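Undergrad: Show me how the following folds:
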Amino acid sequence: MTLKQFKILKLSVVFILAMIVGQAIVYHNYIISVVAMALAIMVIFYFRGRVKEVIADERDYEVGGRAAILTIQVFSWLTVILLFSLLVYYEANPVPEIMTAVMVLAYSACALMVIYTLFFRYYNKIAFLEKKFFYLVAGFLILLFVAVLGLRLISGEDNWVCDGGRWISHGHPDFPAPSAECKK
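TA: Okay, the predicted model is just below:
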C-alpha cells in the first residue's frame with residue numbers, strides 16, 4: 001500500500017467514524033460510539049503496518065515532540081486559570097455543578113501530566129520491548145479504571161436538586177441551597 005492510499009483510507013475511516021458516532025449520539029447509544037472508535041483504531045493500525053513507504057521521519061518526530069510538550073504546558077496553564085476562576089465564582093454562588101467542573105478540570109490537568117510523565121519515562125529509560133503493545137493496553141485499562149473510579153467518587157451524591165420550583169436536598173450536602181432561582 002502506498003502512503004497516498006493509506007492517507008485516503010485513513011480519511012475515509014475517520015469520515016465513516018464521524019457519521020457513526022454522530023448517529024449513535026443522536027440515538028443516545030454511546031456504546032456504539034466506543035465500539036466504532038475501537039474498530040476504527042484497529043483498522044488504521046492494521047493498514048498502517050501495510051504501508052511500504054516512509055510515513056514519518058526523525059524531523060516529524062522531533063517537531064511532534066516539541067508540539068506535544070507545548071500543548072501540555074498550554075493546556076495545564078489554561079486549565080489552572082479556568083479552575084481558579086471557577087473557584088472564585090463558586091465562593092459567590094455555591095452551585096454543585098461548578099465544583100464538579102472544577103474537579104474535572106483539576107483531574108484532567110493532573111491526569112495529562114501523569115500520563116505524559118509515564119510515557120516520557122517509558123520511552124526514555126526502557127528500550128522498545130516485544131510486549132510494548134501489551135504494556136500500552138494495560139496502562140490504558142488502568143487509567144480507564146482510575147477515571148471511572150474518580151467519576152464515581154466525585155459524582156454529586158450530596159447536593160441540591162431542583163424539583164417543582166424549589167431546591168430539595170439530595171443526601172447530606174455540606175453547603176447551603178443555591179441562590180439561583182429554581183425553574184424546574
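Undergrad: for the chain, longest helix please?
TA: For the chain, the longest helix by residue count, based on DSSP state H, is helix 58-92.
Undergrad: Give the other helices and strands that it contacts.
TA: If you count contacts as 3 or more C-beta pairs under 8 Å, 6 or more residues apart in numbering; DSSP states H and E, helix 58-92 packs onto helix 96-125. The C-beta positions use only the backbone N, C-alpha and C, and glycine is treated the same way.
Undergrad: Quick one: list the elements packing against the helix it packs on.
TA: Here helix 96-125 is seen to pack against helix 58-92, helix 132-154 when contacts are counted using 3+ C-beta pairs under 8 Å, 6+ apart.
Undergrad: ok, 10 Å please
TA: helix 58-92, helix 132-154, strand 159-163 (3 or more C-beta pairs under 10 Å, 6 or more residues apart in numbering; DSSP states H and E).
Undergrad: quick one: stretch 145-152 to chain centroid distance?
TA: When C-alpha coordinates are averaged (C-alpha atoms, centre = their mean, to the nearest Å), stretch 145-152 and its chain have centres 12 Å apart.
Undergrad: According to the record, where do the domains of the protein fall?
TA: 1-55, 59-155 (automatic domain parsing).
Undergrad: hang on, the earlier thing: comparing the helices and strands packed on helix 96-125, which comes out most buried?
TA: Most buried of these, by mean neighbour count (mean count of other C-beta atoms under 10 Å): strand 159-163, with a mean of 17.
Undergrad: How about residues contacting that strand?
TA: Here strand 159-163 makes contact (C-beta atoms under 10 Å, 6 or more residues apart in numbering) with 94-97, 99-100, 166-178, 180-184.
Undergrad: buried subset of the residues you listed?
TA: Using 16 or more other C-beta atoms under 10 Å as the burial test, the contacts of strand 159-163 include 94-96, 99, 167, 173, 177-178 as buried.
Undergrad: And the residues you listed, which is closest to Ile32?
TA: Ile32 lies nearest to Pro96 out of the buried ones among the contacts of strand 159-163, by C-beta to C-beta, at 30.7 Å.
Undergrad: wait, the closest one sits on Ala180?
TA: No - using C-beta atoms under 10 Å as the test, Pro96 is too far from Ala180 to be in contact (11.2 Å).
Undergrad: lowest-confidence stretch among the domains of the chain?
TA: Mean pLDDT values for these show the minimum at domain 59-155, a mean of 81.
Undergrad: Check the offset of it from the chain's centre.
TA: Its chain's C-alpha centre lies 8 Å from the corresponding centre of domain 59-155 when counted by C-alpha atoms, centre = their mean.
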